[in-house]
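J.: when you get a sec, could you give me coordinates for this:
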Amino acid sequence: MAIIFAGCSTENTDEPLASVGEKVLYRSKVDEILPKGISAEDSISMSNNYIDKWIKQELLIQKADENLSIDQKDLREELEEYRNSLIIYKYKNELIKQRMDTIVTNQQIEEFYNNNPSNFNLNYSIVKATFVMIPGDLADPDLVKSLIADTSPEGLDELRDYCGQYAKRVNISADEWISFQMLEKNFPNKVEDDETFLTQQKLYEMNDSNYYYIVSIHDYKLTNDLAPIEFVRNNIKNLILNQRKIKFLKEIEENIYTEGVRKKKFRIYDTKTN
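T.: Predicted structure coming up:
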């Protein structure tokens, strides 16, 4: 069900648009959800969708109210628990923003990495590699191989210029680790065994009916190898911050409890039974 608007009135923003029982939806409420500068057509569509959703929700609330018992509809305890959880959550977040140290140094990252090597074994192979895909009629394999062999900044710039003119697809990651699976998606044929492919040779040339493909493996790490620190640096930083956050919040709770004891803010009643 939808209410079709002939236009949006700006004179009477409290005009009633729909009602379910004694609940009334006014135009001012609908106007709140409309973005500024929206077209008349989009305004009508969004307004009608909102009205439909509002009616369905109110009908469902009404049906639930008719069929649930008084005890089932007593939500005071649930609302109090939700309110308390929300207040505590907001308070803790505010304390974290204001008082928790969020600076993680390179030394801290390196210490964490060296002290927890088993946490950073790779779940998949990663590579530093250069991949180029060029239409077969434009490819100059010898030139491409010579450009790929030069991994200096100047050489990489020259390779990028060449690829910008001729390559259909390119991925230059000579100094950045990427997953081998992401690189392999560009190949004309699926690699059956990562380890065999990566350990056999450094340069691969492939062809199909339309393209010439070349991939140069500059470095690699296999599944279950220890990940290079630069590959997991951000993960380590997040782990350090998460551990710091847990410790910080535990200290906050203990400090608040200690303050409560000192200021006698609570008491525990003796409930011994005869």
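
J.: residue ranges in this protein under the pLDDT threshold?
T.: Within the chain, the segments meeting pLDDT under 70 span 1-13, 273-274.

J.: hey, where'd the helices end up in it?
T.: For the chain, the helices defined by DSSP state H cover 27-32, 40-67, 70-73, 76-99, 106-115, 141-149, 153-166, 180-184, 194-200, 229-262.

J.: how close does Tyr212 get to Tyr162?
T.: 13 Å (C-beta to C-beta, to the nearest Å). Yep, even glycine has a C-beta here, placed from its N, CA and C like the rest.

J.: neighbour count: these two, which is higher?
T.: Using other C-beta atoms under 10 Å as the criterion, Tyr212 and Tyr162 rank with Tyr212 on top: 21 against 18.

J.: check contacts around the more buried one.
T.: Residues in contact with Tyr212 (C-beta atoms under 8 Å, 6 or more residues apart in numbering) are 133-136, 139, 141, 205-206.

J.: beta-bridge partners for it, please?
T.: In this entry, Tyr212 is beta-bridged to Ile134, Asn207, by DSSP bridges.

J.: for Ile172, same thing?
T.: Assessed by DSSP bridges, Ile172 has beta-bridge partners Thr130.

J.: wait, Val132 touches Ile148, no?
T.: Yes - counting by C-beta atoms under 8 Å, Val132 does reach Ile148; the two are 7.2 Å apart.

J.: only whichever of the contacts of Tyr212 are buried, select them in PyMOL.
T.: Selecting only the buried entries of the contacts of Tyr212 in PyMOL, with 16 or more other C-beta atoms under 10 Å as the criterion:
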select buried, resi 133+134+139
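
J.: closest to Asn242 out of the contacts of Tyr212?
T.: Among those, Met133 lies closest to Asn242 (C-beta to C-beta), at 40.4 Å.

J.: the closest one contacts Tyr166, doesn't it?
T.: No - Met133 is not in contact with Tyr166 according to C-beta under 8 Å; the separation is 10.0 Å.

J.: who touches both of Val132 and Ile148?
T.: When contacts are counted by C-beta under 8 Å, 6+ apart, Val132 and Ile148 have 159, 214 as shared neighbours.
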